[in-house]
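**Q** Fold the following for me, if possible:
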Amino acid sequence: MARSRDNTRFNRYLAKNHRQALRGIVPSQRQDAVHVPAVDDSDRLMQRAISLDQTLDLFLEEEPAE
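**A** Sure thing, here's the model as predicted:
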């Protein structure tokens, strides 16, 4: 039982060291890094959806109704 607990603690220790090493390598994960805000594409996506919808409406109006 004690061996299992020791293994768990050691694995957590290794995981913590690994995370800290990765944060040192990846600039965006550093605590002193400047946070870059996410790009807001919602307006562009809405305009695209409206444009596609209008195109579909025009296409359906051109077909003869049976």
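**Q** make it CA atoms for all contacts and neighbour counts henceforth
**A** Will do.
**Q** Which phi and psi values does the residue most central in space within the chain adopt?
**A** Centroid check for the chain by Cα atoms, centre = their mean gives residue 38 as the closest residue, at 9.7 Å. Torsion angles at residue 38 (phi, psi; degrees, to the nearest 10) stand at phi -70, psi 150.
**Q** if I look at it, how far off is residue 57?
**A** Here the criterion is Cα to Cα, to the nearest Å. By it, residue 38 lies 33 Å from residue 57.
**Q** Next, the contact list for the residue nearest to the centre of the chain, please.
**A** Applying Cα atoms under 8 Å, 6 or more residues apart in numbering, one finds that residue 38 lies in contact with no residue.
**Q** Got the confidence number for it?
**A** pLDDT recorded at residue 38 is 76.
**Q** so where is this protein shaky, pLDDT-wise?
**A** 1, 27-36, 62-66 (pLDDT under 70).
**Q** what about the helices in it?
**A** 2-25, 42-62 (DSSP state H).
**Q** TSV please, covering these and showing mean neighbour count.
**A** Output for the helices of the chain, formatted as TSV (neighbours: other Cα atoms under 10 Å):
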stretch	mean neighbour count
helix 2-25	11
helix 42-62	11
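**Q** Pull the number of nearby residues for residue 26.
**A** Applying other Cα atoms under 10 Å, we find 10 residues neighbouring residue 26.
**Q** where's it relative to residue 49, distance?
**A** Applying Cα to Cα to residue 26 and residue 49 gives a distance of 36 Å.
**Q** same check, this time on residue 39
**A** If you go by Cα to Cα, the gap between residue 39 and residue 49 works out to 18 Å.
**Q** Same question for residue 38.
**A** 21 Å.
**Q** try residue 42
**A** Distance from residue 42 to residue 49, by Cα to Cα: 10 Å.
**Q** and what of residue 37?
**A** Going from residue 37 to residue 49 by Cα to Cα gives 24 Å.
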